[in-house]
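[1] what follows is a predicted protein model with its sequence.
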Amino acid sequence: MTPSTRGHRRVAVLFAGAAVASGLLLSGCGTGQIAETATKATAINGVNLESPDGAVSVRDLSVPYPGVEGYPAGGSAPVEVGLFNNTNDPVTVRVSAAPVTDEDWATVVGAETVVIGGSEQTGPTPSPEPGTVEVPQPDPGRDAIVQLPANGWALFSTDDTEPLRVTGLADPLAAGYSVNLAFEFSTGGAPLVVAAPVDMPLTPAPRAPAEHDEEEH
């Protein structure tokens, strides 16, 4: 049993019907519109679940594989997910960071916030005045509140100009780990807490070269 499907969490409905599969081919941050990235492959180990009342389907929730180095503690990581409104009325979805509890697996990582857009500080840049530098201020982004139109959807990927991001990671986040997220729906019900897994690489990571004793014997 993986951290994202452990028994103490709300039961997640896991299935992949033809309609869902075709829906996940629609990539981008728009709502209810086909994007140019429609042919891109989806994550290989994303989580699928439903809101408590079935009004919203959460599809292919995952964190893209970051390479062997992982995402550093204190940093941020993109989140890929599709949100589908199954009703004839608009629905609002709020995504936030969920605290890690004693019941969570050791591979579950906590975070501070979940935002849409924004950027991290990348380092000082030269100033127009000689001998000085300007330190760029990071853009914190905005609260991850998503408005879904009636029977519409919103999809987030790393190709978006304003991606969905989890920030302030409490620990390093690498393949085999997950980050705790909470989904709240305007249709009611308790927040849905789920561990979003980091994608596994399609090919094994390169092995470090073996060390050889260069001394002559």
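    Received, thanks.
[2] only C-alpha atoms from now on, for both contacts and neighbour counts.
    Fine.
[3] and the pLDDT at Arg142?
    pLDDT recorded at Arg142 is 91.
[4] may I ask you to confirm that it is in contact with Ser96?
    No. Contact criterion C-alpha atoms under 8 Å: Arg142 and Ser96 do not qualify, at 11.5 Å.
[5] which of these two has more neighbours?
    A count of neighbours by other C-alpha atoms under 10 Å puts Ser96 above the other of Arg142 and Ser96, at 23 against 13.
[6] that one reaches Phe183, doesn't it?
    Yes. When contacts are counted by C-alpha under 8 Å, Ser96 is listed as touching Phe183 (6.7 Å).
[7] circling back: need the overlap of contacts for Arg142 and Ser96.
    Val115 (C-alpha atoms under 8 Å, 6 or more residues apart in numbering).
[8] from Asn86, how far off is Gly54?
    Distance check for Gly54 against Asn86: by C-alpha to C-alpha, to the nearest Å, it reads 7 Å.
[9] more neighbours, the two?
    Ranked by neighbour count (other C-alpha under 10 Å), Gly54 and Asn86 place Asn86 first, with 18 against 14.
[10] is it true that the more buried one touches Leu148?
    No. Between Asn86 and Leu148 there is no contact under C-alpha under 8 Å: 9.8 Å.
[11] any regions of the chain where pLDDT drops low?
    Applying pLDDT under 70 to the chain flags residues 1-45, 120-138, 203-217.
[12] which parts of the chain are strands?
    For the chain, strands defined by DSSP state E occupy the ranges 47-50, 56-62, 77-85, 91-97, 108-109, 113-116, 125-126, 133-134, 142-143, 145-148, 153-156, 164-167, 178-185, 192-197.
[13] tell me which stretches of this structure form helices.
    Taking DSSP state H, the helices of the chain run over residues 18-23.
[14] tell me how far the ends of stretch 59-71 are from each other?
    Using C-alpha to C-alpha, one end of stretch 59-71 lies 23 Å from the other.
[15] buried ones in it?
    The neighbour-count check on stretch 59-71 (16 or more other C-alpha atoms under 10 Å) flags Arg59, Asp60, Leu61, Ser62, Val63, Pro64, Tyr65, Pro66, Tyr71 as buried.
[16] before we move on, what about stretch 174-189?
    Across stretch 174-189, burial judged by 16+ other C-alpha under 10 Å covers Ala174, Ala175, Tyr177, Ser178, Val179, Asn180, Leu181, Ala182, Phe183, Glu184, Phe185, Thr187.
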